[in-house]
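Chemist: Sequence and predicted model, in that order:
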Amino acid sequence: MNLSQPLIPATLVKRYKRFLADVILPDGSETTVHCANPGAMTGLADPGARVWLSRSSNPKRKLPLSWEMTELPSGLVGINTGHANRIVGEALVQGAITELKGYRSHQAEVRYADNSRIDFLLQGEGFADCYLEVKSVTLCRAKERAEFPDAVTVRGRKHLEALASMAQNGYRAVMLFLVQRSDCSLVGLAEDIDPAYAEAFRMARRSGVEAFAYCCKLDQEKIVLDHGLRVHI
């Protein structure tokens, strides 16, 4: 996924109300930017952190700048959860996700189950329909171990229940953890943060839901899917 223009560096002052953050720009001025991440962002929102911003071309936007990445000693981390589906969508078209090759049709935001929306419905002759849910992962509390979720997620549990229902009815159901960082080798559950999600995940797996994980390559111009990671549950 190419970003529309190179990102702008800044220094984080504070994040607040989940979707807002104050930053200091290179010219020394302070401004408020949009933060497209509803999670806790543990380790990614410390005051003084070097962050990277995008500028919207929409003149009607109240906040023209958006927080896209945090720079850590181990590399860049993409914090914009809104990018995850676009990154995965491009990877599906390119056939870059080994476990999902062969499907000729990739429809986004399709209604299914109990009036929910699946991130992608994959279809192809000779293949069972595949319902694919994508989760953006940024949390890393131990070396090389990414974790999900970083906050309690009732919505995430509902997604797992819907996937489990599809698997039980003979369809293929997949949870894909997209780790928007390059310093991890595996993905696990943050069971201490949301034990109910962990239990729902294990129940979904017993129902036939598959789980894959991929990391990303990031720089100030693009974010692209890289290679698969171990799912350690």
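Modeler: Nice, thanks for sending it over. Residues are numbered from 1 along each chain as shown.
Chemist: how's this structure carved up into domains?
Modeler: With automatic domain parsing serving as the domain definition, the record reports that the chain contains domains spanning 8-74, 81-231.
Chemist: Tally up the residues packed near Ile8, please.
Modeler: Other residues lying near Ile8 total 17 when counted by other CB atoms under 10 Å. Placement of C-beta: from N, CA and C, glycine included.
Chemist: Same check on Ala211?
Modeler: By the measure other CB under 10 Å, the count of residues near Ala211 is 18.
Chemist: pLDDT value on the spatially most central residue of the chain, please?
Modeler: The centroid of the chain falls nearest to Ser136 when counting by CA atoms, centre = their mean (1.4 Å). Among the per-residue scores, Ser136 holds a pLDDT of 97.
Chemist: what's the answer for the one 5 residues further on, then?
Modeler: Turning to Arg141, the model gives it a pLDDT of 97.
Chemist: now do Ser4
Modeler: In this prediction, Ser4 carries a pLDDT score of 80.
Chemist: Next: the one 5 residues further on.
Modeler: Model confidence at Pro9, expressed as pLDDT, equals 98.
Chemist: do Ser57 as well
Modeler: pLDDT, Ser57: 88.
Chemist: Kindly indicate whether it is helix, strand or coil.
Modeler: Assigned by DSSP: H, G, I helix; E, B strand; the rest coil, the conformation of Ser57 is coil.
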